[in-house]
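> Sequence first, then the predicted structure, then my questions.
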Amino acid sequence: ELKVEQNPLFLSMQEGKNYTIYCNYSTTSDRLYWYRQDPGKSLESLFVLLSNGAVKQEGRLMASLDTKARLSTLHITAAVHDLSATYFCAVDKGSGSRLTFGEGTQLTVNP
Amino acid sequence: SAVISQKPSRDICQRGTSLTIQCQVDSQVTMMFWYRQQPGQSLTLIATANQGSEATYESGFVIDKFPISRPNLTFSTLTVSNMSPEDSSIYLCSVDRPSTDTQYFGPGTRLTVL
């Protein structure tokens, strides 16, 4: 059974600081997704990582994938308040895009 | 991206009743997915809906409780049957967009069972 674990689950940061969210998964997978969820809202797609060593960046967020270590990271650079949200990683179970989600990381960026 | 709409956006229902949630996509897709997000929790896949065949359910979910229809390539429904307060959750549908290798989610249906 595929398990996906994120840490930390709760993260409180100061504006301007850097931090990394980690996503570990238990079995081989073809792709890994990162999503953002604001309170009361649906999921917004941030990144999809398709191969070992893949790195994608959008604004202050950068995601990477190490399939050998079964680890993905979401790095936040110079955080701003607007990044406050819950971030989920999700892993494809390997047949037909069925996703298993991590527990989510609730990020709060304080002024 | 994909434009996905869901109806209703929210509902409050009585124990023992059933609710059918609709999901409409702006273009044809092979597979549609239904997820549940319990309060303060992550998302869990309920089932995969393919047009022209029966839905495939994940462990812990059964057709009698969550019957699914997929009458065409842009539409699906999920019914939550014989509801109890434990069914209070957000229910989301999602679709793949092969052109972007991304799975997109609808706005969700927030269900409260009293």
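Great, that's in hand.
> C-alpha only now, for contacts and for neighbours.
Noted.
> any bit of stretch B:26-43 sitting next to chain A?
Yes. Stretch B:26-43 is in contact with chain A by C-alpha under 8 Å from any C-alpha of the partner chain, via B:33, B:41, B:42, B:43.
> for residue B:107, helix, strand, or coil?
Assigned with DSSP: H, G, I helix; E, B strand; the rest coil, residue B:107 falls in the coil class.
> Quick one: residues contacting the nearest residue to it once chain neighbours are set aside.
Leaving aside its chain neighbours, residue B:107 sits nearest to residue A:42 (5.0 Å; criterion: C-alpha to C-alpha, 6 or more residues apart in numbering or on different chains). Residues near residue A:42 by C-alpha atoms under 8 Å, 6 or more residues apart in numbering or on different chains: B:92, B:105, B:106, B:107, B:108.
> quick one on the thing from earlier: and the residues of stretch B:26-43 next to chain A, which two are furthest apart?
Spatial extent of those (C-alpha to C-alpha) is set by the pair B:33 and B:41 at 18.2 Å.
> Looking at these two, which one has more neighbours?
Between residue B:33 and residue B:41, counting by other C-alpha atoms under 10 Å in any protein chain shown, residue B:33 is the more crowded of the two (26 against 12).
> Which of the residues in stretch B:76-86 are classified as buried?
B:76, B:77, B:78, B:79, B:80, B:81, B:83, B:84 (16 or more other C-alpha atoms under 10 Å in any protein chain shown).
> actually stretch B:19-39, not the one I wrote
Applying a neighbour-count criterion of 16+ other C-alpha under 10 Å, one finds B:19, B:21-25, B:29, B:31-38 buried in stretch B:19-39.
> Same question for stretch B:92-110.
Of the residues in stretch B:92-110, B:92-96, B:102-110 count as buried by neighbour count, 16+ other C-alpha under 10 Å.
> follow-up on the earlier one: among the contacts of residue A:42, give me the pair with the biggest separation.
B:105 and B:108 (7.9 Å).
> shared neighbours, these two?
Overlap of the contact sets of residue B:105 and residue B:108 (by C-alpha under 8 Å, 6+ apart) consists of A:42, B:92, B:93.
> tell me which of those residues is nearest to residue A:80?
residue A:42 (21.2 Å).
> Could I get the phi/psi values of the most centrally placed residue in chain B?
The residue lying closest to the centre of chain B (C-alpha atoms, centre = their mean) is residue B:34, at 3.4 Å. Backbone torsions of residue B:34, given as degrees, to the nearest 10, read phi -120, psi 130.
> Now do the contacts for residue B:104.
Per C-alpha under 8 Å, 6+ apart, neighbours of residue B:104: A:43, A:44, A:45, B:1, B:2, B:94, B:95, B:96, B:97.
> Is the first one in contact with residue A:37, as I believe?
It stands for residue A:43. Yes. The pair residue A:43 / residue A:37 is scored as a contact, 4.8 Å apart, by C-alpha atoms under 8 Å.
> of those two, who's got more company?
A count of neighbours by other C-alpha under 10 Å puts residue A:43 above the other of residue A:43 and residue A:37, at 21 against 17.
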